[in-house]
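Engineer: Build me a model from this:
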Amino acid sequence: MNSIEEAVQLFESGYMCSQAVFAAFSEDLGLSKEQALKIGACFGSGMRKAEVCGACTGALMVLGLKYGESKQKSDEVCDKFMDEFKKENGSYICRDLLECDISTEEGVKYAKDNNLFKEFCPKMVESASRIVDEMIY
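Structural biologist: Have a look, this model is predicted:
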């Protein structure tokens with residue numbers, strides 16, 4: 001199983017989008033999966049406020065592990081990732097992607113009623129993972 005498939009599997013097994021993407025790549029970059037799951041725990045659902053998609057945040061943590069020693073390089077890869085994700089998906093803001101605000105009870109209900117967490121979010125995890133995979137390997 002490659003990192004992209006692992007990220008989707010982690011998400012579908014109950015981890016947050018941010019955790020799934022970060023943990024799927026962490027061991028290759030010198031951080032244990034257990035540590036990555038802990039670090040990524042508070043970034044899902046757009047930091048619980050429907051802001052930047054947690055899959056993007058997980059991917060940015062991966063890029064930080066890989067390129068974080070250089071501000072110039074980390075800025076460059078961050079911008080490249082965010083631009084590519086937006087180009088591919090239309091936005092990198094959770095509420096825009098889902099077309100609802102999951103920081104509210106009504107938004108969560110809408111997302112659940114429309115199977116967004118099971119049908120849409122895995123696509124965002126896959127997209128973020130694929131883009132970051134192309135950038136680091």
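
Engineer: you'd agree residue 90 is up against residue 96?
Structural biologist: Yes - the pair residue 90 / residue 96 is scored as a contact, 7.2 Å apart, by C-beta atoms under 8 Å. Backbone N, C-alpha and C define where each C-beta goes, glycine included.

Engineer: Between these two, tell me which one has more neighbours.
Structural biologist: More neighbours surround residue 96 than the other of residue 90 and residue 96, with 16 against 10 (other C-beta atoms under 10 Å).

Engineer: In terms of helix, strand or coil, where does the more buried one fall?
Structural biologist: The three-state label given to residue 96 by DSSP: H, G, I helix; E, B strand; the rest coil is helix.

Engineer: Let me know the pLDDT of the residue nearest the centre of the chain.
Structural biologist: The centroid of the chain falls nearest to residue 55 when counting by C-alpha atoms, centre = their mean (1.0 Å). If you check residue 55, the pLDDT there is 98.

Engineer: got the contact list for it?
Structural biologist: Contacts here follow C-beta atoms under 8 Å, 6 or more residues apart in numbering; on that basis residue 55 touches 17, 18, 20, 21, 121, 124, 125, 127, 128, 129.

Engineer: phi, psi of the residue nearest to the first one when sequence neighbours are not counted?
Structural biologist: Just to be clear, that refers to residue 17. Leaving out its chain neighbours, the residue that sits closest to residue 17 by C-beta to C-beta, 6 or more residues apart in numbering is residue 54, at 3.8 Å. Main-chain dihedrals, residue 54, degrees, to the nearest 10: phi -60, psi -30.

Engineer: Likewise for residue 30?
Structural biologist: Taking degrees, to the nearest 10 as the convention, residue 30 sits at phi 90, psi 10.

Engineer: gap between the two ends of stretch 108-122?
Structural biologist: The straight-line separation of the ends of stretch 108-122 (C-alpha to C-alpha, to the nearest Å) is 16 Å.

Engineer: And residue 43, how close does it get to residue 115?
Structural biologist: The spacing between residue 43 and residue 115, counted by C-beta to C-beta, to the nearest Å, is 23 Å.
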